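J.: Just need the structure, nothing else, for what follows:
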Amino acid sequence: MTRLTDLEDDVYRCMRCGACQRVCPTFISSGLEPALARGRVRLIRELMAGKLSMSTKLNDYINACLGCRSCTDNCPSQVPTYKIVLAYKEAYASVKGLPLVYRVALQHVLKYPANLARIMHGLGVSRQLGVNNWLPKGLKAKENIIPPLPEKTFKEQWPAMQKSSQYKKVGLFLSCLDDLLFPRVPHAVIKLLNHFGYEVIIPEKLVCCGGPHIAYGDVETARKLAWQNIMAFADQDVDLIVTDCATCGSTWQSYPALFAGEPGQHQAQALASKVVDINRFIVQNINWQTGLKNVPQVITYHQPCHLSRYQLVNDEPLALLQAVAGDGYKEMADYDSCCGGAGTFNFTHYDLSMRILNRKINSIVSTGASIVATSCPACRIQLLHGIKKRHLKVSVRHPVELLAQAHGIINY
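T.: Numbers count the residues shown, from 1 in each chain. Alright, predicted model coming up:
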């Protein structure tokens, strides 16, 4: 990944014009200069100049960045604040080390899907026993972010699902969150692709994409996970690898940078170039409009930052949803603004995250929609939490779930 010292020119390119004030979610919700892209870049500039040291307070300000890239998209100087923040996090982790709870989560839980599954199973048991009712109020609010758990994970269902023997093959990178929390998403992806003549290959040795590790500066663990995923697909006879998770797809795009200047860079580039978001794959490769029937509900859409600003996938989900809903599609205000989820941001910065989420929920309510679609499971978790807090009768779906429903492949 890019070192902080390599970004010095980018850091000094900030003109302090304030264009980021209009779009930075954390600044809009807090009004604090250090919570603004301009403020964070200035703090890092002072750190690089030796005027500040790596302190807990400085780290708190920098870590409150959502990584949504709204600032860069609206910056006249195109300052890559998200790159600067990630480089800072890697430097901080190298110098100070990660806190114990982060090390355990990143290197022992998220690193291995089986361990994460055990944690989720334990959470389900504790809820059944009512243990969570005894948690302190603040901790209970955070625990409630996790939605109700399905009876079976996707991997537990996958062996029983019908395999297609069609001649066209694609790989599927299975998101940890979709596997554990939203198994209907990969189920819909596979059923839809089978319907249009594709066999879907999911290698057994896939692990976490490494996105959370990059976000917290644990680049070494991210590199190990990336290599395992690359090797898992290396011997598979697939031309393309689809992702149903915006974060996983964007993380795959960063794999070549993880191995920059190393022997594995060529293989990382070769595999990463095969990865495509499922919405884009469908629009570009499938005659998906044939036999389509409208879903008779009002539908709106939340555009994940990792889909639009990282992968530049903008029009394809909208095309699918507008066709599925017809006149029932209602675009919400600021549909592409961050929801405040940002992976684990809603756990580490709960109050600020909820203020950002409140604006998003207001936008959803104003459309009168009964369904909000999104292509990111982390966003889905965040939106479901806001919907639950407001006692709204709104469901959250992946666009492909709705498309599969419109084709009569799955039912809700």
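J.: Does residue 354 touch residue 339 like I think?
T.: No. Checked against C-beta atoms under 8 Å, the pair residue 354 and residue 339 is beyond contact range at 10.8 Å. In this view, the C-beta of every residue, glycine as well, is placed from N, C-alpha and C.
J.: shared neighbours of the two, anything?
T.: residue 386 (C-beta atoms under 8 Å, 6 or more residues apart in numbering).
J.: Would you mind telling me which of these two has more residues around it?
T.: residue 339 (32 against 19; other C-beta atoms under 10 Å).
J.: ok, which stretches of the stretch 251-400 of the chain are strands?
T.: Assigned by DSSP state E, counting those that start in this stretch, the strands in the stretch 251-400 of the chain fall at 275-277, 299-301, 371-373, 395-397.
J.: Nearest to residue 192, out of those?
T.: Relative to residue 192, the nearest member of the strands of the stretch 251-400 of the chain by C-beta to C-beta is strand 395-397, separated by 13.3 Å.
J.: ok so, going back, could the strands of the stretch 251-400 of the chain be laid out in CSV, adding mean pLDDT, mean neighbour count and distance to residue 326?
T.: Below are the strands of the stretch 251-400 of the chain laid out as CSV (pLDDT from 0 to 100; neighbours: other C-beta atoms under 10 Å; distance: least, C-beta to C-beta, whole Å):
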stretch, mean pLDDT, mean neighbour count, distance to residue 326
strand 275-277, 98, 22, 23
strand 299-301, 98, 25, 9
strand 371-373, 98, 26, 13
strand 395-397, 98, 21, 16
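J.: Let's have the ones you listed in JSON lines, adding distance to residue 82.
T.: JSON lines is the format used below for these (distance: least, C-beta to C-beta, whole Å):
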{"stretch": "strand 275-277", "distance to residue 82": "19"}
{"stretch": "strand 299-301", "distance to residue 82": "23"}
{"stretch": "strand 371-373", "distance to residue 82": "25"}
{"stretch": "strand 395-397", "distance to residue 82": "26"}
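J.: Which one of those lies nearest to residue 253?
T.: strand 275-277 (7.0 Å).
J.: Which one of the strands of the stretch 251-400 of the chain lies nearest to residue 227?
T.: Closest among those, using C-beta to C-beta: strand 275-277, at 15.2 Å.
J.: list the helices and strands that closest one packs on?
T.: strand 241-243, helix 246-253 (3 or more C-beta pairs under 8 Å, 6 or more residues apart in numbering; DSSP states H and E).
J.: Go through the strands of the stretch 251-400 of the chain and name the closest to residue 144.
T.: Using C-beta to C-beta, the strands of the stretch 251-400 of the chain put strand 395-397 closest to residue 144, at 15.6 Å.
J.: which strands and helices sit next to that closest one?
T.: strand 371-373, helix 377-390.
J.: Name every strand pairing with the shortest one and say which way it goes.
T.: What that stands for is strand 371-373. Sheet pairing here is set by DSSP bridges, and for strand 371-373 it gives strand 299-301 (parallel), strand 395-397 (parallel).
J.: Including distance to residue 178, could the ones you listed go into CSV?
T.: Shown next, in CSV, are those (distance: least, C-beta to C-beta, whole Å):
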stretch, distance to residue 178
strand 299-301, 18
strand 395-397, 12
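J.: Which one of those lies nearest to residue 103?
T.: Per C-beta to C-beta, nearest to residue 103 of those: strand 395-397, 31.9 Å.
J.: got a list of contacts for the closest one?
T.: By C-beta under 8 Å, 6+ apart, strand 395-397 touches 370, 371, 372, 373, 374, 380, 383, 384, 387.
J.: cool, stretch 7-21 as well?
T.: Contacts for stretch 7-21 (C-beta under 8 Å, 6+ apart): 27-28, 36-38, 41-42, 44-45, 48, 70-71, 74-81, 83-84, 87.
J.: Can you select the buried ones among those for me in ChimeraX?
T.: One line in ChimeraX is enough to select the buried ones among the contacts of stretch 7-21; burial here means 16 or more other C-beta atoms under 10 Å:
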select :27,28,36,37,38,41,42,44,45,48,70,71,75,79,80,81,83,84,87
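J.: Of the contacts of stretch 7-21, which belong to helices?
T.: Secondary structure from DSSP state H places 27-28, 37-38, 41-42, 44-45, 48, 70-71, 81, 83-84, 87 of the contacts of stretch 7-21 in helices.
J.: Identify, from those, the entry nearest to residue 254.
T.: Scanning those for proximity to residue 254, where the rule is C-beta to C-beta, the winner is residue 83, at 10.5 Å.
J.: residues near residue 212, how many?
T.: Neighbours of residue 212 (other C-beta under 10 Å): 24.
J.: Ok, residue 169 next?
T.: There are 16 residues near residue 169, going by other C-beta under 10 Å.
J.: my guess is it meets residue 198, correct?
T.: Yes. Look at residue 169 against residue 198 with C-beta under 8 Å: they come within range, at 6.8 Å.
J.: Just the helices from the stretch 151-300 of the chain, written as ranges.
T.: Under the criterion DSSP state H, counting those that start in this stretch, the stretch 151-300 of the chain contains helices at 154-157, 176-180, 184-195, 211-215, 219-234, 246-253, 255-258, 265-272, 278-285.
J.: mean confidence score for the fourth one?
T.: I take that to be helix 211-215. Averaging pLDDT along helix 211-215 yields 93.
J.: Sounds good, over and out.
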